[in-house]
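# okay, sequence plus prediction incoming.
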Amino acid sequence: MSDSVHESIVEHSNDGIFVAQDGEIVYANQRLCELTGYEPGELVGASKRQIVAPDDRELVEGYHFARMSGDTAPSQYEIELQTADDELVPVELSVSRVDYEGEPAAVSICRDITDRQQYQQRLEEQRDNLELLNQVVRHDIRNDLQIVVAYSEMLEGNVEEDAEGYLQSIRESARNAVDLTATARDLADVMLQQHERGTIELARPLEQQIESIRTAHAAAVINVEDSIPSVTVYGNEMLDAVFRNLLQNAIQHNDTEVPEISVSVDRDDDTVRVAIADNGPGVPEGQREEIFGKGEKGLESDGSGIGLYLVYTLVDSYGGSVWVEDNEPEGAVFVVELPVADVDE
């Protein structure tokens, strides 16, 4: 490749590029001039300290000295440039040692990371807001809802007969809201990445959630086909939330007088499948992707709520899959497939 082609590439680069020799800038491309607000004639021959922010000068000079001496120095790090108007521009600096006109020099590529840092700052702010919301959901809202449930239960049998139906609706709505706060809390934990994938025995969270749902919904019939095998899968303590939300979904979206739930577990060498079947209205084939909030829709999906979105998010993070099938003669079957964990782990 000819020198003219090299020069054309450098001059049309989206990154600022300069060559420094003995602490002096001997070459600067047009993009560096745009970043710093200097004219080419003002940069060539000037000290490179002139375009480095005061707080970063000692760091840059230390790395430069080490690099020129043959010692180890990072080839990429972040600093701030100082412009002609004394403004600061954050850049990612990539530096390498070269020979320039027969003498050792350092070529530096300056990539403007202003947008990246602003994006990271927005993410940090969103994370802080999410943590605050998570605390509110965990404590204030959930506690108030528990009080509503408790007082509504105390009122049972102490209101006029024609008001019993209203009281039952209040109690059911409050319980559903309590369940929703638990799901929102779990989803916030996932989004805050407070739980990493590990390994967990499948039986414990599944059996606990089955018993919990039986207690909360005494009118529902929940059967377990055969015994739950002793198997370790990839997951974590939030596997409870997967089964809780699928079981709740099977009951809350059931339009029959007596919801009937059947749980079965099948294992092969590499995976284990947990199937939760119900006798509800089923899920139309065209909606089976949307109910999990997959793809770009996320929480804006027309699905049945954040519970199934949380299920999909967790199962996917475990390296598994979740889908819905038809139940016979009616209803739906939600299937969770999880990879069996290596016993050594």
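It's in.
# check S69 and give its pLDDT.
The model reports S69 with a pLDDT of 84.
# my error: substitute N254 in the last question.
pLDDT at N254 comes out at 86.
# same check, this time on the one 10 residues further on
For S264, the pLDDT comes out at 95.
# who does it form a beta bridge with?
A275 (DSSP bridges).
# OK, contacts around it?
Contact analysis of S264 by Cβ atoms under 8 Å, 6 or more residues apart in numbering lists 224-226, 274-275, 277. All C-beta spots, glycine's among them, are computed from the backbone N, C-alpha and C.
# closest one to A46 out of the residues you listed, please.
Nearest to A46 out of those is V274 (Cβ to Cβ; 68.2 Å).
# distance-wise, check the closest one relative to E237.
17 Å (Cβ to Cβ, to the nearest Å).
# more neighbours: which of these two?
Shown here are V274 and E237; by other Cβ atoms under 10 Å, V274 has more neighbours (24 against 12).
# how much space between that one and V224?
Distance from V274 to V224, by Cβ to Cβ: 11 Å.
# who touches both of the two?
With Cβ under 8 Å, 6+ apart as the test, V274 and V224 both reach 263-264.
# got a list of contacts for the strand of greatest length in the chain?
Counting by DSSP state E, the longest strand found in the chain is strand 88-100. With Cβ under 8 Å, 6+ apart as the test, strand 88-100 has contacts from 16, 19, 21, 26-27, 35-36, 53, 60, 63-64, 67-68, 73, 75-83, 104-114, 117.
# picking that back up, neighbour-wise, which of the contacts of S264 leads?
Greatest neighbour count in the contacts of S264, by other Cβ under 10 Å, goes to V274: 24 neighbours.
# okay, who's weakest in the contacts of S264 by pLDDT?
Lowest confidence among the contacts of S264: D226, with 85.
# assign that one to helix, strand or coil.
coil (DSSP: H, G, I helix; E, B strand; the rest coil).
# could you pull out the helices for the protein?
Here the chain has its helices, by DSSP state H, at 3-11, 30-36, 40-43, 54-68, 114-136, 142-155, 164-191, 203-216, 239-252, 306-317.
# next, the buried residues of the third one.
Neighbour-count burial for helix 40-43, counted by 16 or more other Cβ atoms under 10 Å, picks out L43.
# and if you look at the second one?
When burial is assessed from 16+ other Cβ under 10 Å, helix 30-36 yields the following buried residues: 31-33, 35-36.
# quick check, nearest of those residues to H217?
When the buried residues of helix 30-36 are compared for distance to H217 (Cβ to Cβ), L35 wins out at 63.4 Å.
# how about that closest one, nearest residue that isn't a chain neighbour?
Distances taken as Cβ to Cβ, 6 or more residues apart in numbering place G16 nearest to L35, at 4.6 Å, with adjacent residues excluded.
# and that neighbour, what are its bridge partners?
Going by DSSP bridges, G16 forms beta bridges with C110.
# neighbours of it, how many?
G16: 24 neighbours (other Cβ under 10 Å).
# what does V159 give?
Neighbour number of V159 under other Cβ under 10 Å is 13.
# repeat for I25
Neighbours of I25 (other Cβ under 10 Å): 22.
# that one and V283: what is the separation?
66 Å.
# show me where pLDDT drops low in the chain?
1-9, 129, 132-139, 191-195, 294-305, 343-345 (pLDDT under 70).
# rerun at 80
1-12, 123, 125-144, 172, 175-197, 289, 293-306, 342-345 (pLDDT under 80).
# and it, what are its domains?
Per automatic domain parsing, the structural domains of the chain span 3-112, 115-194, 198-345.
# any idea how far the second one is from the middle of the chain?
Domain 115-194 sits 21 Å away from the centroid of its parent chain (Cα atoms, centre = their mean, to the nearest Å).
# before we move on, what about the longest one?
Distance of domain 198-345 from its chain centroid, counting by Cα atoms, centre = their mean, is 21 Å.
# the first one too?
Using Cα atoms, centre = their mean, the mean C-alpha position of domain 3-112 is found 36 Å from that of the whole chain.
# run a quick neighbour tally on E211.
11.
# which one of the contacts of S264 is nearest V335?
A275 (5.0 Å).
# my read: that closest one touches G331, true?
No. With contact defined as Cβ atoms under 8 Å, A275 does not reach G331; the gap is 11.8 Å.
# list the contacts for V190?
238, 310, 313-314, 317.
# and what of S75?
94-96.
# quick one: which of those residues is most hemmed in?
The residue in these with the most neighbours, by other Cβ under 10 Å, is V95 (20 neighbours).
# in space, what's closest to it - neighbours in sequence excluded?
Going by Cβ to Cβ, 6+ apart, V95 has S108 as its nearest residue, at 4.9 Å.
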